[in-house]
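J.: need a 3D model of the following:
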Amino acid sequence: MISRQFFKSSIIYSIVGALPYASGFLLLPWFTSFLTPVQFGVNALYITLMYFFQIIASIGLDVSTGVLYFDFKDSQLKLKKFLGTVFLGLVGTGFFTILVFSVGGFKLFNVIFHSAGILEFLPFGLLTVLSSVFNTIFKTYTTLLINQERPIRFFWMNGLNFILTICSSLFILYLFPFTLFGPILGRLIPAITSASLTLFLISTEYGIAFDKSLIKQILRYCLPLFVYSILSWIVSYADRFIILRFLSDPTYVGIYDFGVKLVLFLDLIIVGIISTVQPKVFNIWKIQHLNQSTTEVNRYYNGVTALILMLVPVFVILAPIIIPLFIKKEIYYGAFSFISILSLGYVTRTWFYMFMAPLMFFKKTEILPKIFFISALFQVIAGVFLIKYFGIMGAVWTNFLVKPLQAILLYVESRKVFSYKLNQWKLVYIPVIFIFVVLISEILSKNFPKIYFQIGHCFIAFILLYFAYRKEIILLISKRDRFIKFGRFKDG
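T.: Numbers count the residues shown, from 1 in each chain. Predicted structure coming up:
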């Protein structure tokens, strides 16, 4: 049952969990003011690299720890050995990552992506590698806190990281304007602080106990996730380097990345809610020994879908109204022309997480590399072709199309280990109808003000949701009326 505590946790995980990532969005007014458009684009490339280095440094431990925790949580001794092995392992892989990219790995990356002369290892490349290593330790711990259902500590850890990121970035940016020291050191300082605090908390709460016998079990689960994360990075971030390759100007990377950062607002909310839903779902499956859909679990995912359908059109309307109040350089307003299509990809995001969940829970992670290899191949081939001939809009359409493709591939594989029985209207047909309506209106609105069509999208979304949830709405209103009537009777 969806309880008040669930909603409270959802708010914490959604809003607070988003803060370390949302800091980049909140700093946009200063980054766009104190960096040139070229520097803004180059900074976006360094951020992209940081996520890549983070994957190398974690080898899948950050993603897998939250799920593997359920195998060890019933024994304090086993949990102590497991967590000690994980975090000592992260220290070791972090050192290895720094070593590899210090002795030539960064140059190899520049050769592959044709970014020599734009991205340099010293000093900003090295600082980016260090940030990724420390961020890996922090991210692993926050993932663990979510699955332990400890929202208060999650709140303080992410809150501290957020405050340090904002303060250090602004302080250094004002000291060294029109250089990359502000954004890059602004990521490194909170990363070091958060990682240090993480290791302190882990050592005081669980101790540091390394168990070599656990390595094989952990790696068996982690390595497919590591490959999956690499391929996922290609799907999510390779488009920046393809833009750089064909358009040869980091400014275009910056405009596209600006648009992606705007719609990141939607992604952060979805991830926060899913982070609350997933432990609940895993617990239901574990306690009831289920490998099929239930009404209780379906309600969670139906609710997430409904929320996304309400958020997307409202966001698309408000973004071009609110953003110019804070971002004064008009060059970035070009992103407003394509945020509708970028946002539309998130309408299918519930499918992605719902079909991913059984593969994670039943430890079928060896399937993920196959799925994301196909997705990455599509991302690269479609991205190269579309960006070469259509510029930034090619990257936008590739970004949109790859999301439903991933969900479909996950469904095909996950139904081999899990039986789905879903309300297709709530979960499938309504999102698909909304997507087609928006795409058709995007074509028709080329010669008209888009705002009228976007307002229409809001009405369509609410009408679709009303017809899908009218029984629940009528029941809710009926209960409210009975409560009011009963309350008045008692008062009388």
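J.: pretty sure L225 contacts I55?
T.: No - the pair L225 and I55 fails to qualify as a contact (Cβ atoms under 8 Å) at a distance of 9.7 Å. Where C-beta positions appear, they are placed from N, C-alpha and C, glycine not excepted.
J.: sketch out the low-pLDDT regions of the stretch 1-150 of the chain for me.
T.: Filtered on pLDDT under 70, the stretch 1-150 of the chain yields the residue ranges 1-21, 66.
J.: distance of L409 from F171?
T.: Using Cβ to Cβ, to the nearest Å, one obtains 45 Å as the distance from L409 to F171.
J.: looking at those two, which is more packed in?
T.: Legend: neighbour count by other Cβ atoms under 10 Å for L409 and F171, higher for L409 (21 against 14).
J.: ok, and the closest non-adjacent residue to the more buried one?
T.: Closest residue in space to L409, ignoring its immediate chain neighbours: I371 at 4.5 Å, by Cβ to Cβ, 6 or more residues apart in numbering.
J.: show me what the host helix or strand of that neighbour is packed against.
T.: I371 is located in helix 368-390, with elements delineated by DSSP states H and E. Judged by 3 or more Cβ pairs under 8 Å, 6 or more residues apart in numbering; DSSP states H and E, helix 368-390 is in contact with helix 215-247, helix 392-414.
J.: other SSEs contacting the last one?
T.: Right, helix 392-414. helix 215-247, helix 250-288, helix 339-344, helix 349-361, helix 368-390.
J.: check which residues of it are buried.
T.: By neighbour count on 16 or more other Cβ atoms under 10 Å, the buried set for helix 392-414 is 392, 394-407, 409-411, 413-414.
J.: that helix - what's its average pLDDT?
T.: Throughout helix 392-414, pLDDT has a mean value of 93.
J.: for the closest residue in space to G125 that isn't next to it in sequence, which three-state class applies?
T.: Nearest residue to G125, sequence neighbours excluded (Cβ to Cβ, 6+ apart): F106, at 5.1 Å. Under the three-state scheme (DSSP: H, G, I helix; E, B strand; the rest coil), the conformation of F106 reads as helix.
J.: neighbours around Y141, how many?
T.: Every residue meeting other Cβ under 10 Å relative to Y141 is counted, giving 25.
J.: circling back to that earlier point, flag every buried residue along the helix holding I371.
T.: By neighbour count, with 16+ other Cβ under 10 Å as the criterion, the buried positions of helix 368-390 are 368-369, 371-373, 375-376, 378-380, 382-384, 386-387.
J.: now it, how far from the chain's geometric center?
T.: Its chain's C-alpha centre lies 19 Å from the corresponding centre of helix 368-390 when counted by Cα atoms, centre = their mean, to the nearest Å.
J.: ditto for stretch 208-218
T.: Averaging C-alpha coordinates over stretch 208-218 and over its chain gives two centres that are 29 Å apart (Cα atoms, centre = their mean).
J.: list the buried residues of it.
T.: Across stretch 208-218, burial judged by 16+ other Cβ under 10 Å covers 211, 214, 218.
J.: so the second one touches L83, yeah?
T.: No - the pair L214 and L83 fails to qualify as a contact (Cβ under 8 Å) at a distance of 10.3 Å.
J.: okay, T165: pLDDT?
T.: The predicted local distance difference test score for T165 is 93.
J.: and it, how many neighbours does it have?
T.: For T165, the number of neighbouring residues by other Cβ under 10 Å comes to 27.
J.: now G92
T.: When counting by other Cβ under 10 Å, one arrives at 12 neighbours for G92.
J.: outline the domain layout of the chain.
T.: Using automatic domain parsing, the domain parsing of the chain gives 1-210, 248-481.
J.: the ones you listed: which one's closest to W233?
T.: The closest of those to W233 is domain 1-210. By Cβ to Cβ, the value is 5.5 Å.
J.: ok, back up a step: could I get the domains of the chain as a markdown table with distance to R240?
T.: Formatted as a markdown table, the entries for the domains of the chain read as follows, by distance: least, Cβ to Cβ, whole Å:
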| stretch | distance to R240 |
| --- | --- |
| domain 1-210 | 5 |
| domain 248-481 | 5 |
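J.: G105: neighbour count?
T.: G105 is flanked by 17 other residues according to other Cβ under 10 Å.
J.: distance check, it against K216.
T.: Applying Cβ to Cβ, one obtains 27 Å for the distance of G105 from K216.
J.: ok, for N135, nearest residue in space, not its chain neighbours?
T.: Leaving aside its chain neighbours, N135 sits nearest to A191 (4.8 Å; criterion: Cβ to Cβ, 6+ apart).
J.: list the contacts of W285.
T.: Contact criterion Cβ atoms under 8 Å, 6 or more residues apart in numbering gives 291, 297, 361 as the residues in contact with W285.
J.: of these, closest to L49?
T.: F361 (31.9 Å).
J.: quick check: pLDDT value at that closest one.
T.: What the model reports for F361 is a pLDDT of 82.
J.: you'd agree it is up against D71?
T.: No - when contacts are counted by Cβ under 8 Å, F361 is not listed as touching D71 (11.2 Å).
J.: so for those two, which sits in the more crowded spot?
T.: Taking neighbours as other Cβ under 10 Å, F361 and D71 compare with F361 leading, 19 against 14.
J.: how about that one, what does it touch?
T.: Listed by Cβ under 8 Å, 6+ apart, the contact partners of F361 are 67, 281-282, 285-286.
J.: any of these buried? List them.
T.: Among the contacts of F361, those classed as buried by 16+ other Cβ under 10 Å are 67, 281-282, 285.
J.: could I get the residues you listed as CSV with distance to I443?
T.: Formatted as CSV, the entries for those read as follows, by distance: Cβ to Cβ, whole Å:
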residue, distance to I443
V67, 42
V281, 38
F282, 42
W285, 43
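J.: which of those residues lies closest to S441?
T.: When the buried ones among the contacts of F361 are compared for distance to S441, the smallest value, 34.8 Å, is given by V281; criterion: Cβ to Cβ.
J.: any idea how far the closest one lies from Y301?
T.: In this view, V281 and Y301 are 9 Å apart by Cβ to Cβ.
J.: next one: I331
T.: In this structure, I331 and Y301 are separated by 40 Å, where distance is defined by Cβ to Cβ.
J.: list the contacts of the residue nearest to G125.
T.: Remark: with contacts taken as Cβ under 8 Å, 6+ apart, F106 is in contact with 119, 121, 125, 129.
J.: shouldn't the last one be in contact with I98?
T.: Think V129. Yes - distance between V129 and I98: 5.7 Å, which falls inside the contact criterion (Cβ under 8 Å).
J.: much appreciated, bye for now.
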